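Visitor: predicted structure and sequence below. I'll ask about it afterward.
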Amino acid sequence: MKSATAASTPSALPFIGLGTCCDDADTAERLVLAGLEAGYRLIDTAAHYDSEPAVGAALAAAVDRGVLRRSSEVTVCTKVWFSDMGYDAAIASARRSLERLREERLGLLLIHFPGSPDAVQDPKRNRALRASTWRALEDLQRDGLVRDIGVSNWSRRHLREMLATCRTPPAVLQTELHPRCQQPELREDCDAAGIKVLAHCPLAHGAASLLRDPTLCAVADRVGRSPAQVALRWSVQSGVVPLPHGSSAARLREN
């Protein structure tokens, strides 16, 4: 896919991040702090999750313990939920996220989904919502409240539409990606536009269909690693930043 305007190059991202979806607040704070202690410097959260305040608390605790010199050493990625789409609502959502995260500037802000639940019933309205929400993110970046901006769960159609109309192309696209969901055409489009791909669900939610895959297990046996580690290595060697979730400090270190 050709784009007349190249995407803004995102600030250097770590090769792996830590996902916080589906954690309750106490669990998220504990695991994020453990992740920071293990060396993670990219944390993925969202306005829709319960984890934004927990991420902020974990960052503060990491600074207090000397794990970090300052919280800005970590790139925190958060997202605007579909009920907050639209220019004014997206601005308000970003400001609430800043408050919950105890930050003055967001490292990475994404639009969580390309539309509200009535997308099938009213696609024209959703196109307008995407456009006005993206203008809000562009203005937040211009005003210094956000470092990098991007999108999440966009299809190829949504991405082409955006690149044809936006002032600032997305720096990243986050999507489900793992050896059983490789999305080669979407990745090709992102590569052509200079958009970095982040993978949520890089272990397919721990599905047996992935982690017990015979090929994956054979590779794991040959190199003396776990199937999960091989799957994450596949993401890294594919130029994708995986965002695995971890259920314990030991699993976070393994990942």
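Guide: Structure received.
Visitor: you'd agree Ala220 is up against Leu232?
Guide: No. Counting by Cβ atoms under 8 Å, Ala220 sits too far from Leu232 to count as a contact (11.3 Å). C-beta here means a position set from N, CA and C on the backbone, and glycine is covered the same way.
Visitor: between these two, which one's more packed in?
Guide: Just comparing Ala220 and Leu232: by other Cβ atoms under 10 Å the higher neighbour count belongs to Leu232, 23 against 19.
Visitor: please name the nearest non-neighbouring residue to the more buried one.
Guide: Computed as Cβ to Cβ, 6 or more residues apart in numbering, the closest residue to Leu232 that is not its neighbour in sequence is Pro242, at 5.1 Å.
Visitor: how would you label the one you found: helix, strand or coil?
Guide: Judged by DSSP: H, G, I helix; E, B strand; the rest coil, the three-state class of Pro242 is strand.
Visitor: run through the residues that contact it.
Guide: Neighbouring residues of Pro242 by Cβ atoms under 8 Å, 6 or more residues apart in numbering: 16-17, 177, 198-199, 202, 232, 235-236.
Visitor: just put those in a markdown table and tack on secondary structure and pLDDT.
Guide: Below are the contacts of Pro242 laid out as a markdown table (DSSP: H, G, I helix; E, B strand; the rest coil; pLDDT from 0 to 100):
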| residue | secondary structure | pLDDT |
| --- | --- | --- |
| Ile16 | coil | 97 |
| Gly17 | coil | 98 |
| Leu177 | coil | 97 |
| Leu198 | strand | 98 |
| Ala199 | strand | 98 |
| Pro202 | coil | 96 |
| Leu232 | helix | 97 |
| Ser235 | helix | 97 |
| Val236 | helix | 96 |
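Visitor: out of those residues, who has the most neighbours?
Guide: Pro202 (29 neighbours).
Visitor: quickly note the distance from the residue nearest to Leu232 to Arg157.
Guide: From Pro242 across to Arg157, the span is 25 Å (Cβ to Cβ, to the nearest Å).
Visitor: do Ile111 as well
Guide: To Arg157, Ile111 is 15 Å away according to Cβ to Cβ.
Visitor: what packs against the helix ranked longest in the chain?
Guide: Ranked by residue count, the top helix of the chain under DSSP state H comes out as helix 123-142. Under the contact definition 3 or more Cβ pairs under 8 Å, 6 or more residues apart in numbering; DSSP states H and E, helix 123-142 sits against helix 87-101, strand 106-111, strand 146-152, helix 156-165.
Visitor: how about 6 Å then?
Guide: helix 87-101, strand 146-152 (3 or more Cβ pairs under 6 Å, 6 or more residues apart in numbering; DSSP states H and E).
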